[in-house]
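**Student:** got a sequence here, can you build the structure:
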Amino acid sequence: QRRRDIRPAAQPPQIDVDLLSHLHLDHADLPTLRRLGDSAPLIVPQGAADWLRRRGLPHAEEIAIGETRLIGNTRVRAVSAMHSGHRIPFGPTTETIGFVIEGSHTIYFAGDTDLFDDMATLGAEIDLGLIPVWGWGRTLGTGHLDPERAARAVGLIQPRLAVPIHWGTFHPYGTGLRDRRFLTEPARQFADFARALAPDVHIHIAEPGDEIRLD
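**Tutor:** Sure thing, here's the model as predicted:
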């Protein structure tokens, strides 16, 4: 798809913090990051800050796995992820991380990751898990969750609510012209698997751009 600004249409009036899991093109789009401004900290994995600062993002600050940052009354903790950290074609290789955000609710943002046993030890009860269920295009490389493995991850994490992410947005040029099911089916397949593998977890499929409010 053509490069575009990927901010939600109704961006919050104030951003408290930007969390960057890794430097892959579909997660760290430089024009979009610049448009977010520099009034809020940009928390990034180790090895990424200098590269981002040289590209017009002076507020990038690194966090290591296991470290925390306090943003107002909210605690942000970096956790492990199983994914390649190399930015193609000539970018750096950095850590890849997820985040546990603890405030009035506890949220796990997985970033990009494959399944790993320590998902069961992320911490206290997770209210919301943002779980990747696909990659981009028709096939997945290593370091991604497919719908079934994402449902197994939810079974380990046991959040109260799980929302599938990382589906239905980007795909290589020329694909999806005849058969676009890979842009729509992963989230529904994930929900089907989760009903069997994590029956106590509520699943909510939000279309790209939708808003979810935690009451």
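**Student:** residue nearest the centroid of this structure?
**Tutor:** Nearest to the mean C-alpha position of the chain, by C-alpha atoms, centre = their mean, lies residue 111 at 3.0 Å.
**Student:** phi, psi of it?
**Tutor:** Main-chain dihedrals, residue 111, degrees, to the nearest 10: phi 70, psi -130.
**Student:** was I right about it contacting residue 82?
**Tutor:** No. Using C-beta atoms under 8 Å, residue 111 makes no contact with residue 82, being 10.2 Å away. For the C-beta atoms, the positions are set from N, CA and C on the backbone; glycine is no exception.
**Student:** and for those two, which residues touch both?
**Tutor:** Common contacts of residue 111 and residue 82 (C-beta atoms under 8 Å, 6 or more residues apart in numbering): residue 96.
**Student:** re earlier: tell me the contacts of the residue nearest to the centre of the chain?
**Tutor:** Counting by C-beta under 8 Å, 6+ apart, residue 111 has contacts 21, 22, 27, 81, 83, 96, 97, 98, 99, 132.
**Student:** 6 Å instead, please
**Tutor:** 21, 81, 98 (C-beta atoms under 6 Å, 6 or more residues apart in numbering).
**Student:** next step: those residues restricted to helices.
**Tutor:** With DSSP state H as the criterion, helices contain none of these.
**Student:** of the residues you listed, just say which sits nearest to residue 40.
**Tutor:** Using C-beta to C-beta, residue 21 comes nearest to residue 40 of those, at 16.4 Å.
**Student:** can you count the residues close to the closest one?
**Tutor:** Residue 21 has 26 neighbouring residues, counting by other C-beta atoms under 10 Å.
**Student:** which residues in this protein form helices?
**Tutor:** 30-35, 49-53, 147-157, 185-197.
**Student:** now tell me which helix or strand of the protein has the poorest mean pLDDT.
**Tutor:** Ranking every helix and strand in the chain by mean pLDDT, DSSP states H and E puts helix 30-35 at the bottom, with a mean of 92.
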